[in-house]
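**Q** sequence and computational prediction follow.
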Amino acid sequence: MSQVEGAPQISGQMFLFERPELLSKEKHGDHGVTRPEQPCKFCAKARAIPITVSEIPLAMKDYPVVFLSAEQPLPLAITGLIDDVNLYVDESGNWEQNRYVPAYIRRYPFAVASETDSGDRLAIVIDAAYEGIIPGGDVPFFEGDKPTDATEKAIDFCKTYEQDRRVTENFMNKLKEFELVTGQTAQFTPTGQETPQPFAQYFGVDEKRLAELPDDKFMELRKANLLPMLYAQLMSLGNWRTLLQRRANRFSLTEDQIVTQSGIN
């Protein structure tokens, strides 16, 4: 990505962002956002969306919630299986109504990123590749030399999200410390069959380890208000079956095909 000489640089990569750029009056002063015909096209192929710890009780109602790995237990809302298709984004490019929309999606095309490799300074970033960002957009980024009210609200949302993300890092550290996350397998048994068919390998809370924690560690989780998050993650796993049914409906698959056949021709 080309930058003006001397301008701060963005470090690292950003999930779902094709061309992240630091938002600036000099480069984006005449730009804004116009709602595209398919507003969620940017995440239509995402099978998992990062969520913060505070979102787990909300996301568990609609999605299986899992973790990225035992070493990096970042919470994820699972939105697709087998195919690179987000089963909560319809063919018109809209997120399904009355389903929880993760904050990572709601803040897009804005985000917060490190200006330098040290990460000491943060800056507001946009995905310049988002088709809704155009010159003369309906919702301008700037009015004169200052951000518009809409941009300020987006910035505030990004700052709040960043605070939640840091709380989530503490949650992840506690999961690692207590070794509560293990590799697990999701299985499905078609009607009339006896042998379950595995369809997803994931990382989740080990319910047995949680139950066998020493009293002092269990109380530590309780006092930190983390127990509800752990139980919500466990309860969310009932949504695997719902997700399988969504896949069957989207691709007109039978029970026998639901975990064995690609839906994309």
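**A** Yep, it's here.
**Q** which residues does the closest residue to residue 65 other than its chain neighbours contact?
**A** Take residue 65 and drop its neighbours on the chain: the residue closest to it by C-beta to C-beta, 6 or more residues apart in numbering is residue 236, 4.1 Å away. C-betas here are computed from N, CA, C, even on glycine. For residue 236, the contact set (C-beta atoms under 8 Å, 6 or more residues apart in numbering) comprises 56, 59-61, 63-65.
**Q** and residue 236, backbone torsions?
**A** phi -70, psi -20 (degrees, to the nearest 10).
**Q** neighbour-wise, which one of the contacts of residue 236 leads?
**A** Compared across the contacts of residue 236, residue 65 has the highest neighbour count, 29 neighbours, by other C-beta atoms under 10 Å.
**Q** pull up the gap between residue 58 and residue 75, please.
**A** Residue 58 sits 11 Å away from residue 75, going by C-beta to C-beta, to the nearest Å.
**Q** what helix or strand does the closest residue to residue 261 other than its chain neighbours sit in?
**A** Take residue 261 and drop its neighbours on the chain: the residue closest to it by C-beta to C-beta, 6+ apart is residue 253, 6.1 Å away. Per DSSP states H and E: residue 253 is located in neither a helix nor a strand.
**Q** number of residues surrounding residue 253?
**A** Neighbour tally, residue 253, other C-beta under 10 Å: 18.
**Q** quick one: contacts for it?
**A** Taking C-beta under 8 Å, 6+ apart, one finds 247, 261, 263 in contact with residue 253.
**Q** tell me the most packed of those, by neighbour count.
**A** In terms of neighbour count, residue 247 stands highest of the contacts of residue 253 at 22 neighbours, by other C-beta under 10 Å.
**Q** show me the contacts for it.
**A** If a contact means C-beta under 8 Å, 6+ apart, then residue 247 has 80-83, 87, 253, 258, 263 as its contacts.
**Q** could you rerun that using 6 Å?
**A** Counting by C-beta atoms under 6 Å, 6 or more residues apart in numbering, residue 247 touches residue 81.
**Q** so where's the longest helix in the protein?
**A** Ranked by residue count and defined by DSSP state H, the top helix of the chain is helix 149-178.
**Q** can you redo the contacts of residue 236 as CSV with distance to residue 38?
**A** Shown next, in CSV, are the contacts of residue 236 (distance: C-beta to C-beta, whole Å):
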residue, distance to residue 38
56, 28
59, 23
60, 28
61, 25
63, 21
64, 25
65, 26
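**Q** what's the first helix or strand after the lowest-mean-pLDDT helix or strand in the chain?
**A** In the chain, no helix or strand scores lower on mean pLDDT, DSSP states H and E than strand 110-114, which sits at a mean of 85. Counting by DSSP H and E, the next helix or strand C-terminal to strand 110-114 is strand 122-127.
**Q** what's the angle from that next one to strand 110-114?
**A** Going by axes from the mean of the first three to the mean of the last three C-alpha atoms, to 10 degrees, strand 122-127 is angled at 130 degrees with respect to strand 110-114.
**Q** ok, residues contacting the next helix or strand after strand 122-127?
**A** Counting by DSSP H and E, the element after strand 122-127 in chain order, helix or strand, is strand 133-135. The contact list for strand 133-135 (C-beta under 6 Å, 6+ apart) reads 30-31, 33-34.
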